[in-house]
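S.K.: Take a look and give me a structure for this.
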Amino acid sequence: MAICNFTKDALPDITLEIADSTIWLHVEPRDDIIQSRIQECLVSVFMLGISCSKQQPQERASIRDVAVEMHAIRDAYLMLLALSIVLCVLTASTASGSDEAALLAFKAGLSGRGSSSPTALASWNGSTSFCNWDGVTCDRRTPARVVALSMPSSNLAGTLSPAIGNLTFLRWLNLSSNELHGEIPPSVGRLRRLQVLDMADNLLSGALPANLTACVSLRILRLRRNQLGGSIPAELGNTLTRLQKLTLSNNSFTGQIPASLGNLSSMEQLSMSFNNLEGLIPSSLGKVAGLQYLFLFGNSLSGELPTPLYNLSSLKMLQVDHNRLHGSIPSDIGAMLPSIQVLGLDSNRFSGAIPPSLTNLSTLSYLYLTTNNFTGFVPPTLGKLQSLKQLYLGRNQLEADIMEGWEFITSLSNCSQLQGLVLAENSFGGQLPTSIANLSTTLQQLYLENNRISGSIPEAIGKLVGLNILCLSYNSISGVIPESIGMLANLVDMALYNTNLSGLIPSSVGNLTNLNRLAISNSNLEGPIPASLGKLTNLFLLDLSANHLNGPLPSEVGTLVNLNGMLLAGNQLSGQIPDSIGNCQVLESLYLQDNSLEGGIPQSLSNIKGLAVLNLTMNKFSGRIPDTIGSIGSLQQLSLSHNNFSGPIPATLQNLTMLWQLDVSFNNLQGKVPDLGVFTNLTHASVAGNDNLCGGIPQLHLPPCLILDVGKTRKQRLKSLKIALPTTGTIVLLVSAIIIIMLHHKKRKQQSLVTTQFIEEQYQRVSYYTLSRGSDEFSEVNLLGKGRYGSVYRCTLEDEGAIVAVKVFNLQQSGSAKSFEAECEALKRGQEFKALVFEFMSNGSLDGWIHPKSSNLTPCNTLSLLQRLNITVDIFNALDYLHNHCQPPIIHCDLKPSNILLAEDKSAKVGDFGISRILPKSTATTLQNSKSSIGIRGSIGYIAPEYGEGSAVTTVGDTYSLGILLLEMFTGRSPTDDIFRDSMDLHKFVVASFLDRALDIADQTIWLHEEANDTDVTNASTKRRNIQQCLVAVLRLGISCSKQQPRDRVLLADAVSEIHAIRDEYLRSWMVGIEQQSSKWKRRI
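M.R.: Reported below is the predicted structural model:
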């Protein structure tokens, strides 16, 4: 058909449709008056063009007549357009007031985080025209009509006012990356001119409004990462015919994908990932010829991939991973999908062979087929895919043997852009081909673990200089680690554990200065640990356990200043632990059991304030257990059994509130067993096999300690005197008894004096003058915070140079004197007396970390999941100490983030005992059913519900506050947020979502610390599952603690055990999968 006939057929009904669409960039397409003028003009122009292009020359209009006609068309259009604009201006003048009113109503429904007004709305006041307000754009042709409202990432919270529907000239609405909640108002359907609607990354809930389909001008609809639910309206595909991008991912949509979406002929991108969609993928999507990006991963879609999808010639990215799809890849796929760049089918149930024709997809850069049931050999011609960057084939049933199946490795040497090769968890056997060393120098990840590969690591492996991750674990690889391994200068993760590797650890490993993890456990390595490992200053985990290494632990380990875990158990190491170990300031786990180490425990270990696990079992250590071990406040597991330690068990160990497992069995220890702290629980403390111990809790069945050996000796000496006179003998016995009593009293007085001196040495009395000078007369510059009864100041004590925090009470405030007394009493009862000059906590309160004020969120100003778990364990231990180990128990009454202080190592301390209650033993049980007239104690949002009804203060009230605090820590949401109105609260919010959507409701800043793993597709799902399981367990515990009825709340002792188990399980999975901490798994959304 010629263009002349095409145009003639279109007149006059579809004139606007055949016109150049870029015309609408300059005019308002949905203004009915202007639109009709444009149509009239276009009809005249097209008819003139037809007259000029007649088939026969004699039928064509003369150029003179054409010029005259064209002038007339132009002049008529200008006149009519001018009249239309006047009408629009008149209309706009009457509507301008409604636009301003709509904006003010929009503002009224919003706030900043918490209750503050967002700074983005600071200009929204009467001092300037609303067209000049931040984020507001008015039309040039119709002044005072708002055409764009763009306020992404503006710290907006609250609900979206229905008045937004009054901005009828609106073409662009972008409110993405805020904290808007509630439903999308139906009034949005009145925005018929709207072309872009972007409210992604908010907290919007409810279903899509039915009349959203009235926004017929929509080209872009982005609602990803909200809490929207319900089914996707089928009408979307019937009415929004101009839609180009539809993004609904990371919500809770259910039901099936509407087949009507196949009618969206202009669609370029369709994203519905991470919802609860099910059923079949509609084959009608294959009709959307211009579709370039199709993202449906993370749902429950089933059935086969529709054949028409393979015919989409424009399709660049097809990702349907993490569903329940089955079937096989078409054998002729190489003749389809000519534009495909990313093909993601992983984590489904696809089966069959990988078709050789797939290598004809010349544009393919990313091929993800992990976690399916693919079988057979990998096509040997994969090297034809010269644009290939990532090839992920892990967790299938692919095979190779000594005879064939490895040819594809040689072929891949032609892929000069290859970055990631994942072949893990298949059935690849035979020897590792030497051609693997010929792969591109751009290769960054090489995963071959969990196969049946034999042979040795090629010497030429050093040619892969771009390698970041090398994983060969769980194979039958033997031989030595080649010296050339030291040429992989970019390596951050080397995992060679559970292999048959033997020989020495090459000293060239010390050249891998970027290494984060070195894991070669459960192999046959021998010889000494090379001193060159001391150059690996970025090392996070060193795991050489279960080998045959011998010799001393080199002093160079002290240079591993970033080391978090040192696992050297199950070797033949000898000599002493070097004092330099104390320089490993961030070390948390030290496993040296099952070796032949000797000597004593170095005092320098007490410098490692974050040490959580110390295991020295089954060695030849001797001497006393240092008292300074009791100063490692973060210590949780201490295992010293089966050594030759002597002397007493340090009493300082019972002050370790985080210590939950202690094993000092089978040594030569003697003296009294402490009876507080971990020593109160037989299941967590073992002292068996020490014949000279005494005392302790009765369940140990140890003999009582003989307290007055000196007195008894003197008594025996007196008895040995042969005195004839009975009266004299009686006097002597009486005097002896008096002496014994005096000696005992003197001993107790000396002990008291020592304790007093210790307290005075540790906490000296200071004068008002000293505190005033150290805080610059309590100036605002040094003000750290204000509370109900006083203020806290930063103070530097001149004599010691120590920085402390000083709490100054306002005696004019009613109740402040009682608050002072309560806080002193609580601290005194806790057996760790601190005056009201406190240790300065350099990391401030927990509140500042879970609700950071900075808009630039980074790993440096947020908390990781592991840090949150450790802080939680600290808080639980502290509350357990107050409730169950202080006599009488102490009830805090005001647990909340601002009362949790973080030390430099981010260990947590519970502070502010200003309204705490000492619970007398005689009333500890009867108070459960009594009433109190003391008034409500605590802070809004954290107060136990029963306190509002006048119930007495009890320990289970603290448990409720603890549960709310726990939910807040892991969701990032305060119980007083605006989202919690009417009957909704933080507890109910989590209950409704934590099982299915734990990852969605979790504080998203957690992921800032997990991005280092995002390129590891093989372990991405495992990592995600571990995090989800941990979050579900934590949130479930928070729910159990914050039940409405006190009798339904979990016992604190059980909660403490549970949180320890959750943290330890996550730490175990985290250590096992540490490669996920040293690589980047590219998020493909």
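S.K.: can you map out the strands along the stretch 351-500 of the chain?
M.R.: 366-368, 373-376, 390-392, 397-400, 420-422, 427-431, 445-447, 452-454, 469-471, 478-480, 493-495, 500-503 (DSSP state E, counting those that start in this stretch).
S.K.: Export these to CSV and append columns for mean neighbour count and mean pLDDT.
M.R.: For the C-beta atoms, the positions are set from N, CA and C on the backbone; glycine is no exception. Listed next are these as CSV, based on neighbours: other C-beta atoms under 10 Å; pLDDT from 0 to 100:
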stretch, mean neighbour count, mean pLDDT
strand 366-368, 23, 96
strand 373-376, 16, 96
strand 390-392, 22, 96
strand 397-400, 20, 95
strand 420-422, 25, 95
strand 427-431, 18, 94
strand 445-447, 25, 95
strand 452-454, 18, 94
strand 469-471, 24, 95
strand 478-480, 16, 95
strand 493-495, 24, 94
strand 500-503, 16, 96
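S.K.: These: which one's closest to L1037?
M.R.: strand 493-495 (32.4 Å; C-beta to C-beta).
S.K.: the strands in the stretch 851-1000 of the chain, which residues?
M.R.: Going by DSSP E, counting those that start in this stretch, the stretch 851-1000 of the chain shows strands at 890-891, 900-902, 908-910, 917-918.
S.K.: Summarise which helices and strands the second one is packed against.
M.R.: With contacts taken as 3 or more C-beta pairs under 8 Å, 6 or more residues apart in numbering; DSSP states H and E, strand 900-902 sits against helix 865-884, strand 908-910.
S.K.: quick one on the thing from earlier: ok, which of the strands of the stretch 851-1000 of the chain comes nearest S555?
M.R.: Using C-beta to C-beta, the nearest of those to S555 is strand 900-902, at 32.8 Å.
S.K.: If you average the pLDDT over that closest one, what comes out?
M.R.: Averaging pLDDT along strand 900-902 yields 85.
S.K.: so L446 bridges to which residues?
M.R.: L421, L470 (DSSP bridges).
S.K.: Quick one: residues contacting the nearest residue to N299 once chain neighbours are set aside.
M.R.: Leaving aside its sequence neighbours, N299 sits nearest to L277 (C-beta to C-beta, 6 or more residues apart in numbering; 4.2 Å). The neighbours of L277, taking C-beta atoms under 8 Å, 6 or more residues apart in numbering as the test, are 232, 253-257, 296, 299-301.
S.K.: before we move on, back to that, give me whichever of the helices and strands packed on strand 900-902 is most buried.
M.R.: Most buried of the helices and strands packed on strand 900-902, by mean neighbour count (mean count of other C-beta atoms under 10 Å): helix 865-884, with a mean of 22.
S.K.: one step back: which strand or helix spans the residue nearest to N299?
M.R.: Per DSSP states H and E, L277 falls inside strand 276-279.
S.K.: buried stuff in that strand?
M.R.: L277 (16 or more other C-beta atoms under 10 Å).
S.K.: Pairing partners for that strand, with directions?
M.R.: For strand 276-279, pairing defined by DSSP bridges yields strand 252-255 (parallel), strand 300-304 (parallel).
S.K.: mind checking how far that strand is from the chain centre?
M.R.: How far strand 276-279 lies from its chain's middle: 27 Å, per C-alpha atoms, centre = their mean, to the nearest Å.
S.K.: in the stretch 201-350 of the chain, which spans are helices?
M.R.: Secondary structure of the stretch 201-350 of the chain by DSSP state H, counting those that start in this stretch: the helices cover 236-239.
S.K.: Poorly predicted segments of it, please.
M.R.: By pLDDT under 70, the stretch 201-350 of the chain has no low-scoring segment.
S.K.: how about a cut-off of 90?
M.R.: Along the stretch 201-350 of the chain, segments meeting pLDDT under 90 span 210-211, 213, 239.
S.K.: what about the closest residue to P152 other than its chain neighbours, how many residues close to it?
M.R.: The spatial neighbour of P152 that comes closest, neighbours along the chain excluded (C-beta to C-beta, 6+ apart), is S176 at 4.5 Å. When counting by other C-beta atoms under 10 Å, one arrives at 20 neighbours for S176.
S.K.: Thanks a lot, catch you later.
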